[in-house]
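Engineer: The amino acid sequence is not available; the structure is as follows:
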């Protein structure tokens, strides 16, 4: 048995015991500062990451480190209230553990949200970039030396990794709650530093719309498992060289707090429809 598979099966068994075999079909990962934007779930059960055997722990402010299980308007949902990042020092292949755990719990669709910097001056803080593609500039992949047929084929297609129908539902909902939104490409870097102005100019030339330090590892694992994916990149700042102010994580958290209410309203509309 693959070492990671054995670890994941222990995590799944523990979670099933805590939730009495609750079987979610939709998962949501909340980005930096967005943990409190989750709609109120009925019959909510909280499972702390720290108590799950073999699960990683989040060390970044704005990521509280809980799995929330519950029902929203008839939909059985699990929320990752905080994620794991490569820059925290986790081995890249260990970033597959959480998504593979969700898959074995029964999840079929994944919503990933994240705080990002915008390379488009018109996509200002408070806007959402609904992802239609990504560029992996992390020079690594969580699936390297981490194959198990339980989680899908070794080689798989990414031409439609972000599901079109889910994007369309979300863009329509953004109009209803008055959030500026457009589709675009996520550019993934390792962090933890913010990018230089020269890097941002290069990324823009390569086709990037927004830049961030997460999302792509999770999406790659989800795609291998055959999950439908929706990516919601919440703009907290204009990228380096475009922004006039100095960038900081504190600014990221402050800006997500401003959009928290509208983002919750967006989730309230789309989660039952996805």
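Structural biologist: Looks like it arrived, so ask away. Model, not experiment: these values are computed from the prediction.

Engineer: So which bits of stretch 25-33 are buried?
Structural biologist: 26-33 (16 or more other Cβ atoms under 10 Å). For every residue, glycine as well, the C-beta is placed using N, CA and C.

Engineer: Could I get the full set of strands for the stretch 101-250 of the chain?
Structural biologist: For the stretch 101-250 of the chain, the strands defined by DSSP state E, counting those that start in this stretch cover 109-118, 128-136, 181-188, 210-212, 228-238.

Engineer: Distance from the third one to the middle of the chain?
Structural biologist: It stands for strand 181-188. Mean-position distance between strand 181-188 and its chain equals 13 Å (Cα atoms, centre = their mean, to the nearest Å).

Engineer: repeat for the longest one
Structural biologist: In terms of Cα atoms, centre = their mean, the centre of strand 228-238 is set 8 Å apart from its chain centre.

Engineer: Likewise for stretch 208-221?
Structural biologist: 8 Å.

Engineer: Flag every buried residue along it.
Structural biologist: 208-221.

Engineer: Report the two of those separated the most.
Structural biologist: 209 and 221 (22.5 Å; Cβ to Cβ).

Engineer: could you list every residue that touches residue 101?
Structural biologist: Applying Cβ atoms under 8 Å, 6 or more residues apart in numbering to residue 101 gives the contacts 8, 11-12, 15, 55.

Engineer: So which of those residues wins on neighbours?
Structural biologist: residue 8 (26 neighbours; other Cβ atoms under 10 Å).

Engineer: quick one: that one is in a helix?
Structural biologist: Yes - using DSSP: H, G, I helix; E, B strand; the rest coil, the assignment for residue 8 is a helix.

Engineer: wait, doesn't it sit right on residue 105?
Structural biologist: No - Residue 8 is beyond contact range of residue 105, at 10.0 Å (criterion: Cβ atoms under 8 Å).

Engineer: for the lowest-mean-pLDDT helix or strand in the chain, packing partners?
Structural biologist: Least confident helix or strand, the chain: helix 249-270 with a mean of 87, by mean pLDDT, DSSP states H and E. Packing contacts for helix 249-270, counted by 3 or more Cβ pairs under 8 Å, 6 or more residues apart in numbering; DSSP states H and E, involve strand 109-118, helix 164-176, strand 228-238.

Engineer: between it and helix 164-176, how big is the angle?
Structural biologist: Going by axes from the mean of the first three to the mean of the last three Cα atoms, to 10 degrees, helix 249-270 is angled at 100 degrees with respect to helix 164-176.

Engineer: Touching helix 249-270 from outside, list them.
Structural biologist: 28, 31-34, 36-39, 60-62, 72, 113, 115, 125-126, 128, 169-170, 173-174, 176-179, 230, 234, 236-237, 245.

Engineer: Output the below-cut-off pLDDT ranges for the stretch 1-150 of the chain.
Structural biologist: In the predicted model, the stretch 1-150 of the chain carries pLDDT under 70 at residues 1-2, 61-63.

Engineer: Using a markdown table, lay out the strands of the stretch 101-250 of the chain together with distance to residue 97.
Structural biologist: Converted to a markdown table, these look like this (distance: least, Cβ to Cβ, whole Å):
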| stretch | distance to residue 97 |
| --- | --- |
| strand 109-118 | 15 |
| strand 128-136 | 19 |
| strand 181-188 | 19 |
| strand 210-212 | 20 |
| strand 228-238 | 18 |
